[in-house]
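> Return a 3D structure for these sequence lines:
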Amino acid sequence: MSQELSFDKVSVDKQAVDTLEVDQSPGTANVEPLATPVVYRLYKRRWLGIITLVLFNVVCGMNGQFFGPITTSLNEEWHISLTKINWTSNIVNLVYVPVTFLTVHITKKVGIRKTLLLGGVQLLLANWIRVAAISPKLSPDGRYAILMIAQVFIGFAQGSCQIITVRYSELWFDVRTRVVATMLTNISNPLGGAIGSLVLPQAANVKWAILIGAFVATAVFPAGFLIQEHPPTAPTFAGSTKSPGMKSLLRALFGKEPVESSQYMDRRDRIDFALIFMVFGVFCAATTSWSNFANQVFGPYGYTETRVGLFSATILLAGIVAAITGAPVLGRVFGKRLPWAVRIFLPIISACWIAQIWNVKPNNDGAIFATMAIIGICSFLLLPIGLELGAEVTRNAEGSCGLLWLNVNFINFIWILVEDALRAGPDANPPENMTQALIFNGSTIAATAFVFLLGFRGEQKRREMDIDKLKEAYRDDEAHPGQHSAQVPIPSE
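Just a heads-up that it's a prediction; the model follows:
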């Protein structure tokens, strides 16, 4: 007998534990002592789902802050004020808050595949409604009204495409590769923002920028049919269990779940999730809102839309490259120590955002590019870790992901209002500069990181549970060699 058991790359160390029986009744994954081996498997088809989720979230990211990269053009061509343009992004954040609860409920009822296709339909509606605003017969207010209606649909689509990502990772990937899967699907939204920052300013005018968005959304939609609901055999014990849903998570967070429940969270778990909730929301909102305000931050100092687009793309593209190359290493090196990765990256990100207060000045391209790159690298490596830690602490991937992204959008909503209000007046030097907004941004990020580092523990209970079940599966293999026929059932969603 080999010292390591492997089921298509799912491996555990040799240890002696009791054998298992799986209750095959619908909607259950109960484990009882008996002599039937349990099999966990990985399937190559899981990558088709990842590709689909990446494509849909790229389109969502491109549309969420659609007018941020072309703020000046929209203001000059369609005579829409900067504050109104900021609201085209803010309405997405506002809609996302109630949509979170609706999306988790829909996913629980109809599953991941149909939820994603629903998001694709919403993206199509949003983009082609936006095309209607091109009509030259419309007044500026009429065009603005149509743009806002389109952005409401973008808010619905963001929820449908984003919230399901961590649950998909849990259903299809093992403990060693979940971080990588979560990273790929969740950096794709800011990747869309980076693509928008580079591509949209190159359009001849606002009309062509809107048409480009519509063509991209239409081309991507058919990919939604590639994703599958769940594998025939689960990759881990957590992947074999029914999603507890948002209601169960809210009960656990308020201490209402019974101690014997698998969803029970002790006081430390609840404190940890509150800290994750806080820091994830603030740090992601800071990065997201930057795309919206970049032109307003740098424009008063003489930077062009194209150059500002490169600044925004740097934070995103550097982060994406770092995440793609570094997440597999992080998953293996920090797989058992995710809290330590957070403790390393948070101070670096905070220092860079504070430095940005002094970086924004004329002819300072080198320092700006360097700072943006460091923020991007550390933030994007931290993004999947934050989502995975939320799932670890709560044992509820879908619900925790939904709440975390809800908070990002809520804080982003507040962030845009505050920073818009902190814009200097026309008599300032330079006129309408965003120095006060930069101070607010850097100081809030640093204070949030400090509070988090003081109080976070981050026990990875979901991982511990999965490892225990894999060890039990190994014992079953040892006791019953050649009998890898029993499967952990995937409950109906």
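> Select the longest helix from this structure.
The longest helix of the chain (DSSP state H) is helix 267-298.
> Give me the mean pLDDT for whatever helix or strand comes next after it.
Using DSSP states H and E, the helix or strand that follows helix 267-298 in sequence is helix 305-333. Throughout helix 305-333, pLDDT has a mean value of 78.
> relative to helix 267-298, how tilted is helix 305-333?
160 degrees (axes from the mean of the first three to the mean of the last three C-alpha atoms, to 10 degrees).
> any idea which helix or strand comes after helix 305-333?
Downstream of helix 305-333, the next assigned helix or strand under DSSP H and E is helix 338-359.
> can you give me the angle that next one makes with helix 305-333?
160 degrees.
> ok, and for helix 338-359, which residues are buried?
338-339, 341-342, 345-346, 349-357, 359 (16 or more other C-beta atoms under 10 Å). (Glycine included, C-beta is placed from N, CA and C.)
> Quick check: next helix or strand after that helix?
By DSSP H and E, the next helix or strand past helix 338-359 is helix 365-394.
> average pLDDT for that next one?
88.
> So which elements touch that helix?
Contact analysis of helix 365-394 by 3 or more C-beta pairs under 8 Å, 6 or more residues apart in numbering; DSSP states H and E lists helix 165-172, helix 178-199, helix 245-253, helix 267-298, helix 305-333, helix 338-359, helix 397-421, helix 461-479 as its packing neighbours.
> Sort out which residues of that helix are buried, please.
By neighbour count on 16+ other C-beta under 10 Å, the buried set for helix 365-394 is 368-369, 371-394.
> what sits against residue 358?
Going by C-beta atoms under 8 Å, 6 or more residues apart in numbering, residue 358 touches no other residue.
> Mind pulling up the pLDDT for it?
At residue 358, the model reports a pLDDT of 93.
> Within the helices and strands, which one has residue 91?
helix 82-110.
> Give the buried residues for that helix.
Of all the residues in helix 82-110, those buried under the rule 16+ other C-beta under 10 Å are 82, 84-97, 99-101, 103-104, 106-108.
> tell me, what residue is most central in this protein?
Geometric centre of the chain, nearest residue: residue 186, 3.9 Å, by C-alpha atoms, centre = their mean.
> thinking that one is in contact with residue 60, fair?
No - the criterion here is C-beta atoms under 8 Å, and residue 186 misses it with residue 60 at 11.2 Å.
> what touches both of the two?
Common neighbours of residue 186 and residue 60, using C-beta under 8 Å, 6+ apart, are residue 162.
> on that earlier part again, would you mind giving the helices and strands packed on helix 365-394 as CSV with distance to residue 46 added?
Shown next, in CSV, are the helices and strands packed on helix 365-394 (distance: least, C-beta to C-beta, whole Å):
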stretch, distance to residue 46
helix 165-172, 4
helix 178-199, 8
helix 245-253, 23
helix 267-298, 25
helix 305-333, 15
helix 338-359, 22
helix 397-421, 15
helix 461-479, 17
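> hey, which of those helices is tucked in deepest?
For the helices and strands packed on helix 365-394, average neighbour numbers computed from mean count of other C-beta atoms under 10 Å are highest in helix 165-172, which has a mean of 28.
> Over that one, what's the mean pLDDT, rounded is fine.
On average, helix 165-172 scores 85.
> Alpha carbons of that helix, in PDB - could you do that?
Written as PDB, here are the backbone C-alpha positions of helix 165-172 (Å, rounded to 0.1, in the frame of the first residue of the first chain):
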ATOM      1  CA  THR A 165     -17.800  32.000  -7.900                       C
ATOM      2  CA  VAL A 166     -16.700  30.700  -4.500                       C
ATOM      3  CA  ARG A 167     -19.400  28.100  -4.400                       C
ATOM      4  CA  TYR A 168     -18.300  26.900  -7.800                       C
ATOM      5  CA  SER A 169     -14.700  26.600  -6.500                       C
ATOM      6  CA  GLU A 170     -16.000  24.600  -3.500                       C
ATOM      7  CA  LEU A 171     -18.100  22.200  -5.700                       C
ATOM      8  CA  TRP A 172     -15.400  21.500  -8.300                       C
END
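> how far does that helix sit from the chain's center?
Counting by C-alpha atoms, centre = their mean, to the nearest Å, helix 165-172 is centred 12 Å from the centre of its parent chain.
> quick one, that helix and helix 178-199 angle?
140 degrees.
> now the angle from helix 165-172 to helix 365-394?
Using the same axes, to 10 degrees: helix 165-172 against helix 365-394 is 60 degrees.
> Run through who's touching helix 165-172.
Residues from elsewhere that reach helix 165-172 (C-beta under 8 Å, 6+ apart): 42-43, 46, 49-50, 53, 57, 107, 112, 178, 181-182, 185-186, 227, 230-231, 234-236, 238-239, 243, 387-388, 390-391, 397-398, 400-401, 490.
> Could you find the closest non-adjacent residue to residue 106?
Setting aside the residues directly before and after it, residue 106 is nearest to residue 115 in space (C-beta to C-beta, 6 or more residues apart in numbering), at 5.5 Å.
> how close does that neighbour get to residue 209?
29 Å (C-beta to C-beta, to the nearest Å).
> just residue 144 next, same as before
Per C-beta to C-beta, residue 144 is found 16 Å from residue 209.
> okay, how far is it across stretch 423-443, tip to tip?
This stretch, stretch 423-443, spans 17 Å end to end (C-alpha to C-alpha, to the nearest Å).
> That one: which residues count as buried?
Buried residues in stretch 423-443 (16+ other C-beta under 10 Å): 423, 424, 433, 434, 435, 436, 437, 438, 440, 441, 442.
> So which of those residues sit within helices?
Using DSSP H, these in helices are 435, 436, 437, 438, 440, 441, 442.
> pretty sure the fifth one is touching residue 418, no?
Yes - under the criterion of C-beta under 8 Å, residue 440 lies in contact with residue 418, with a separation of 6.3 Å.
> just for the protein, where's the confidence low?
Low-confidence segments of the chain, defined by pLDDT under 70: 1-38, 237-240, 243, 327-328, 330-337, 458-493.
> So residue 56 versus residue 428, what's the distance?
Counting by C-beta to C-beta - residue 56 and residue 428 are separated by 42 Å.
> Check residue 349 too.
From residue 349 across to residue 428, the span is 28 Å (C-beta to C-beta).
> Next one: the residue nearest to residue 369 when sequence neighbours are not counted relative to residue 87, how far apart?
In this structure, residue 369 finds its nearest non-sequential neighbour in residue 314, 5.5 Å apart by C-beta to C-beta, 6+ apart. Taking C-beta to C-beta as the measure, residue 314 falls 27 Å from residue 87.
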